[in-house]
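J.: heads up, no residue letters with this:
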Ligand code: HEM
């Protein structure tokens with residue numbers, strides 16, 4: 001399909017407000033409903049927009065769309081369609097605002113410069129040297145999980161994935177690095193609290209005000225943390241790479257430039273993997289036949305040894321399971337772009353400032369490529385090889401995620417280690433509601449009971465909650 005051949009539907013007035021409100025409450029199912037009603041490109045005109053410092057009318061349209069053609073058109077032209085953060089920044093001159101940008105809004109030479117810096121710690125050849133140590137870390141961490149008890153999978157997943165990031169991307173575990181990365185991740189998470197968007201008022205009792213205050217303290221700690229790395233270049237540590245680098249003009253990177261990048265890197269480096277890990281484990285607990293086939297592959301190929309994935313190519317079913325989990329429940333289900341100039345989308349003229357929300361969740365359900373799209377069926381991956389535009393879970397084009405190989409490897413190692421050691425049962429009457437914040441995550445605690453992997457097979461517990469709107473689960 002060519003994006004130019006799609007006929008967009010333009011909604012104005014009350015209809016635009018109604019769909020905009022539905023989108024704010026639940027962007028995934030509302031967009032699915034909008035597409036079922038109007039087709040795969042819906043333009044909402046003149047929505048009110050709440051900015052941290054003021055309420056303004058967004059006099060430009062918000063476009064909801066999905067599909068490889070739109071991904072290809074927008075993601076390949078970052079100068080025209082710039083990445084935009086929808087998170088609240090902070091008052092002018094505040095640490096919260098200094099910490100906001102990250103890499104997404106950068107373009108041209110500046111963007112290429114930072115990408116080159118990040119390539120060092122994240123490149124595939126380096127990740128491949130880490131797999132044994134990753135397996136060791138996973139084994140040590142999960143060996144301490146309490147068998148026979150119910151754990152909050154989201155929290156345990158966070159510890160594990162943050163552990164990988166701190167140990168292998170941010171210079172190794174120390175009290176200080178754990179504390180700084182933890183604070184950075186928490187702050188990024190709190191920025192997604194709807195109260196921070198709804199009440200952007202800088203008081204100590206509001207979430208927005210608390211973010212502003214926490215950011216001051218995080219900035220101070222972060223500057224002290226990276227200062228100790230100055231003069232000690234280390235290509236394995238993102239923070240050391242940044243602090244010892246130069247900007248595009250050849251000048252040493254100052255504190256402001258460093259703090260503009262690090263918090264988003266903390267968030268990006270652990271929460272995506274955490275989301276993939278927990279949804280993969282949940283889907284396996286709901287599909288014991290698939291979990292059994294995965295255990296067979298791991299047993300026969302690894303023979304009970306630590307799953308270092310030296311021979312990752314030898315574990316095709318593990319690869320298919322993780323890809324399929326990311327297809328059905330994408331960790332980053334939406335991507336945002338803003339038009340830098342007047343342009344067109346699907347043949348329609350669009351003013352400068354037009355916002356577009358690209359929907360990975362729905363792109364991953366293209367009927368021609370992914371039949372029976374809501375069903376978790378890893379075998380489908382033996383017959384397909386979609387492009388990044390058709391399967392944009394890590395984005396596509398020049399801003400494609402530079403950390404994808406690191407996290408794909410880390411998640412596979414973690415899944416393999418967990419599945420070989422444990423079975424996970426959901427307690428009776430489990431309800432799972434999701435939210436998109438910006439990763440796809442459970443709204444509340446996700447309790448699972450741990451049993452040894454060699455225990456008896458039991459039927460999966462039926463799950464309630466709105467997760468069923470996204471994926472087909474056993475009744
Ligand atoms: C499963 C885990 C991960 C997922 C699903 C994921 C997903 C994504 C996606 C979808 C984008 C593109 C966003 C857009 O175009 O709007 C992105 C960008 C990015 N990711 Fe990841 N990511 C993951 C892990 C990581 C890791 C481990 C790092 C390491 C630091 C990382 C760093 C970045 C950076 C720096 C960008 C911005 C790239 C640019 O603007 O050029 N991500 N990620």
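T.: Looks like it arrived, so ask away. Source: prediction; values computed, not measured. Numbers count the residues shown, from 1 in each chain.
J.: next secondary structure after the worst-scoring helix or strand of the chain on mean pLDDT?
T.: One helix or strand of the chain scores below all others by mean pLDDT, DSSP states H and E: strand 54-58, with a mean of 46. Next in sequence after strand 54-58, counting helices and strands by DSSP states H and E, comes strand 62-65.
J.: how about residues contacting that following strand?
T.: Contacts with strand 62-65, where a contact means CB atoms under 8 Å, 6 or more residues apart in numbering, come from 8, 20, 23, 31, 34-35, 40-44, 47, 345-346, 350, 354-359. In this view, the C-beta of every residue, glycine as well, is placed from N, C-alpha and C.
J.: again with stretch 74-85
T.: Residues from elsewhere that reach stretch 74-85 (CB under 8 Å, 6+ apart): 100-102, 104-105, 107-108, 111, 335-341, 343, 345, 355-356, 358, 389, 392, 395-400.
J.: how does it look with 6 Å?
T.: Contacts of stretch 74-85 with the rest of the structure, by CB atoms under 6 Å, 6 or more residues apart in numbering, involve 104, 105, 107, 336, 337, 338, 340, 343, 396, 397, 398, 399.
J.: and the ligand, which of these reach it?
T.: The subset of those within reach of the ligand, by CB under 6 Å from any ligand atom, is 104, 399.
J.: need the strands for the stretch 351-475 of the chain, in chain order.
T.: All strands of the stretch 351-475 of the chain, identified by DSSP state E, counting those that start in this stretch, fall at 355-359, 422-425, 434-436, 440-442, 447-452.
J.: same check on the stretch 1-150 of the chain?
T.: Per DSSP E, counting those that start in this stretch, the stretch 1-150 of the chain has strands spanning 9-11, 41-44, 47-51, 54-58, 62-65, 81-83, 150-152. These are given in chain order.
J.: so how far is the fifth one off the chain centroid?
T.: For strand 62-65, the gap between its own C-alpha mean and the chain's C-alpha mean amounts to 20 Å (CA atoms, centre = their mean, to the nearest Å).
J.: next one: the residue lying closest to residue 464 once chain neighbours are set aside from the ligand, what distance?
T.: Distances taken as CB to CB, 6 or more residues apart in numbering put residue 431 closest to residue 464, at 4.4 Å, once the chain neighbours are dropped. Applying CB to the nearest ligand atom, to the nearest Å, one obtains 25 Å for the distance of residue 431 from the ligand.
J.: for residue 119, same thing?
T.: Relative to the ligand, and taking CB to the nearest ligand atom, residue 119 is found at 11 Å.
J.: which residue does the stretch 51-200 of the chain have closest to the ligand?
T.: residue 103 (3.8 Å; CB to the nearest ligand atom).
J.: need the contact list for that residue.
T.: Under the contact definition (CB under 6 Å, 6+ apart), the residues listed for residue 103 are residue 114.
J.: now with 8 Å, please.
T.: Residue 103 makes contacts with 111, 114, 115, 118, 261, 264, 399, as judged by CB under 8 Å, 6+ apart.
J.: what does residue 390 give?
T.: 68, 71, 363, 366, 369.
J.: would you agree the fourth one is in contact with residue 68?
T.: This points to residue 366. Yes - judged on CB atoms under 8 Å, residue 366 makes contact with residue 68 at a distance of 7.0 Å.
J.: list the contacts for the residue in the stretch 151-300 of the chain that the ligand sits nearest to?
T.: At 2.6 Å from the ligand, residue 272 is the closest residue in the stretch 151-300 of the chain, using CB to the nearest ligand atom. By CB under 8 Å, 6+ apart, residue 272 lies in contact with 331, 332, 401, 403, 407, 439.
J.: so which of these belong to helices?
T.: Of the positions in the contacts of residue 272, residue 407 sit in helices, assigned by DSSP state H.
J.: and residue 142, how far is that from residue 84?
T.: Between residue 142 and residue 84 the computed distance is 38 Å (CB to CB, to the nearest Å).
J.: comparing these two, which residue is more hemmed in?
T.: Here residue 142 and residue 84 are set side by side on neighbour count (other CB atoms under 10 Å), and the busier one is residue 142, at 18 against 14.
J.: how about the more buried one, what does it touch?
T.: Under the criterion of CB under 8 Å, 6+ apart, the contact list for residue 142 reads 160, 414, 417, 418, 421, 422.
J.: any chance of those residues in JSON lines, plus distance to the ligand, pLDDT and neighbour count?
T.: Rendered in JSON lines, the data for the contacts of residue 142 read as follows (distance: CB to the nearest ligand atom, whole Å; pLDDT from 0 to 100; neighbours: other CB atoms under 10 Å):
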{"residue": "160", "distance to the ligand": "13", "pLDDT": "95", "neighbour count": "25"}
{"residue": "414", "distance to the ligand": "11", "pLDDT": "95", "neighbour count": "30"}
{"residue": "417", "distance to the ligand": "17", "pLDDT": "93", "neighbour count": "25"}
{"residue": "418", "distance to the ligand": "16", "pLDDT": "95", "neighbour count": "26"}
{"residue": "421", "distance to the ligand": "22", "pLDDT": "94", "neighbour count": "17"}
{"residue": "422", "distance to the ligand": "21", "pLDDT": "95", "neighbour count": "20"}
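J.: now render those residues as JSON lines, adding distance to residue 191.
T.: Converted to JSON lines, the contacts of residue 142 look like this (distance: CB to CB, whole Å):
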{"residue": "160", "distance to residue 191": "23"}
{"residue": "414", "distance to residue 191": "26"}
{"residue": "417", "distance to residue 191": "32"}
{"residue": "418", "distance to residue 191": "30"}
{"residue": "421", "distance to residue 191": "35"}
{"residue": "422", "distance to residue 191": "33"}
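J.: nearest to residue 472 among the residues you listed?
T.: When the contacts of residue 142 are ranked by distance to residue 472 (CB to CB), residue 418 comes first, at 23.4 Å.
J.: now that closest one: closest residue in space that isn't a chain neighbour?
T.: Residue nearest to residue 418 in three dimensions, not counting chain neighbours: residue 142, with 5.7 Å by CB to CB, 6+ apart.
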